[in-house]
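K.L.:
fold the stuff below for me.
(one chain, ligands or ions: 1)
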Amino acid sequence: MVSRVLNRGNYETVAAAVAATEAGAGATVADIGFGGGVGLDELLAAVGETGTVHGVEIAPTMLDQAGKRYRAVIAAGRLVLHTGAMHQMPLATSSVDAAISTNTVYFIDDLGPAFAELARVVRPSGRVVLGVGDPADMARMPFTENRFRLRPIAEITEQLEAAGLAVQEDRRISDGRMVFHLLVGEKR
Ligand SMILES: C[S@@+](CC[C@H](N)C(=O)[O-])C[C@H]1O[C@@H](n2cnc3c(N)ncnc32)[C@H](O)[C@@H]1O
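P.N.:
Numbers count the residues shown, from 1 in each chain. Model prediction:
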């Protein structure tokens, strides 16, 4: 149910997050907490056949589904799936040109170590794009009462800055019911 509701506004948000990475053909990119895989699809299209997409997920069910759905691109070496959490990612330091993570921060208790990891894996001047529902709009959704941690956008921005990601932009996207923020950070 949660993913169905989020998915209504999701495609546009995730596609905008991928565009905001400015990753082009041949780039190496990552989607952290890829869930159903909308971001993986968009990233694969953006980097093309010469690029590489890394998908990191904490949930075994999402990893299993993606393993089946993306069998061909995994075999071709264009997509690599990893079990991991944002605060502890199995990716080498400065190994990706850009990373996205959309609709994930609500499930992370301590943003400091998680954002430090995002900053670690992205190369200098590389981009991290976070997609986050506006907390006031999210609070009106009944499914956010439990498990969801809704924070002011200013707090998330401060934590990105503290991790060494200079926030260039807070781009707002609306699906008519909800506003999503795309926080575009650049590694210092
Ligand atoms: C609401 S879904 C969003 C999926 C996708 N990013 C999107 O926007 O469609 C949140 C996803 O984040 C994953 N997740 C939650 N906490 C995580 C963490 N600490 N590290 C990595 N993934 C996490 C969940 O398993 C879930 O697949």
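K.L.:
now the closest residue to the ligand within the chain: which helix or strand?
P.N.:
Across the chain, the shortest distance to the ligand (CB to the nearest ligand atom) belongs to Gly35, at 2.4 Å. To be clear about C-beta, it is placed using only N, CA and C from the backbone, and glycine gets the same treatment. Assigning secondary structure by DSSP states H and E places Gly35 outside every helix and strand.
K.L.:
contacting residues for the closest residue to it other than its chain neighbours?
P.N.:
Taking CB to CB, 6 or more residues apart in numbering, and ignoring the residues beside it in sequence, Gly35 has Met62 as its nearest neighbour in space, at 5.7 Å. By CB atoms under 8 Å, 6 or more residues apart in numbering, Met62 lies in contact with 34-36.
K.L.:
if I pick the residue of the chain closest to the ligand, what's in contact with it?
P.N.:
Listed by CB under 8 Å, 6+ apart, the contact set of Gly35 reads 3, 57, 59, 62, 103.
K.L.:
hang on, Thr131 packs against Val105?
P.N.:
Quick fix: residue 131 is Gly, not Thr. No: counting by CB atoms under 8 Å, Gly131 does not reach Val105; the two are 9.0 Å apart.
K.L.:
tell me the mean pLDDT for the lengthiest strand in the chain?
P.N.:
Taking DSSP state E as the assignment, the strand of the chain that covers the most residues is strand 122-133. In this model, strand 122-133 has a mean pLDDT of 98.
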